[in-house]
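Enquirer: the sequence isn't on hand, but the structure is:
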């Protein structure tokens, strides 16, 4: 089948989430000081990222709600008990610094522009519509997508096939006519393939490996890949 639509992951695919989150926490530490128990800002940053992965996995497994995983992340990071209001207040102050660092990756808009006349576009994110719709509007690109679907509202998250099939349903297209691109080889690319879509792994860091997956190193490779008359579904020749 011909790929008619591209569904995009947001964080660390089109939007530099890791860069913004890191910059935001550094600014937070500059403003409020290093929490007790950390010897350096770099140590604190590593812990913050570890806790983000741990508590997001709990949310994805249904063990905690979206706001709860944020609160627990703050409590673990600071190493002390906090009320919900106190945790929310700390995270809210961090968000101010984080949002000041928001930026699209420079290769996203050129790739989107090249595909605008040939493919439809949507978003599927393992976050909430409140966060991601607002983010896309602040970055000036919400109008470029027909649909934005998020795990919190769907009640299911990637790599569950139901999440991918939901966005195909929103587009009114069978999975075989939809490509999904994201930065995680398993949650994004493999999950999409197992749901019947064309899964594309955006390997910005050059990790390599995973020859069974279609892999690109930057979004400027995407238009050529999608527009070429190729047998999609075969492993990528990009590496």
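Expert: Looks like it arrived, so ask away. The structure presented is a predicted model; accordingly, all values stated were derived computationally and were not measured.

Enquirer: name the surrounding residues that touch the lengthiest helix in the chain.
Expert: The residue-count maximum for a helix in the chain (DSSP state H) belongs to helix 41-60. By C-beta atoms under 8 Å, 6 or more residues apart in numbering, the surrounding residues in contact with helix 41-60 are 18, 21-22, 25-26, 29, 34-35, 38, 64-66, 68-70, 72-73, 76-77, 126, 151, 157. No exception for glycine: its C-beta is placed from N, CA and C like everyone else's.

Enquirer: just the buried ones from those residues?
Expert: The neighbour-count criterion (16 or more other C-beta atoms under 10 Å) marks 21-22, 25-26, 29, 38, 64, 69-70, 72-73, 77, 126, 151, 157 among these as buried.

Enquirer: in strands, which of the residues you listed appear?
Expert: Within the buried ones among the contacts of helix 41-60, no residue falls in strands by DSSP state E.

Enquirer: can you flag which of these belong to helices?
Expert: 21, 22, 25, 26, 29, 69, 70, 72, 73, 77, 151.

Enquirer: identify the farthest-apart pair in the residues you listed.
Expert: Spatially, the most separated pair among these is 29 and 151, at 29.3 Å (C-beta to C-beta).

Enquirer: and residue 125, what does it touch?
Expert: 9, 10, 11, 132, 148, 149, 150, 151.

Enquirer: and it, how far is that from residue 99?
Expert: Distance of residue 125 to residue 99, given as C-beta to C-beta, to the nearest Å: 17 Å.

Enquirer: any idea how far apart the tips of stretch 142-158 sit?
Expert: 21 Å (C-alpha to C-alpha, to the nearest Å).

Enquirer: can you offset everything so residue one is 33?
Expert: Got it, first residue is 33 now, which makes that one stretch 174-190.

Enquirer: now that stretch, how far from the chain's geometric center?
Expert: How far stretch 174-190 lies from its chain's middle: 11 Å, per C-alpha atoms, centre = their mean, to the nearest Å.

Enquirer: related to what we said a few turns ago, in JSON lines: the contacts of residue 157, plus distance to residue 256, secondary structure and pLDDT.
Expert: Formatted as JSON lines, the contacts of residue 157 follow (distance: C-beta to C-beta, whole Å; DSSP: H, G, I helix; E, B strand; the rest coil; pLDDT from 0 to 100):
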{"residue": "41", "distance to residue 256": "20", "secondary structure": "coil", "pLDDT": "98"}
{"residue": "42", "distance to residue 256": "23", "secondary structure": "coil", "pLDDT": "98"}
{"residue": "43", "distance to residue 256": "25", "secondary structure": "strand", "pLDDT": "96"}
{"residue": "164", "distance to residue 256": "28", "secondary structure": "helix", "pLDDT": "96"}
{"residue": "180", "distance to residue 256": "26", "secondary structure": "strand", "pLDDT": "98"}
{"residue": "181", "distance to residue 256": "27", "secondary structure": "strand", "pLDDT": "98"}
{"residue": "182", "distance to residue 256": "29", "secondary structure": "strand", "pLDDT": "97"}
{"residue": "183", "distance to residue 256": "31", "secondary structure": "helix", "pLDDT": "92"}
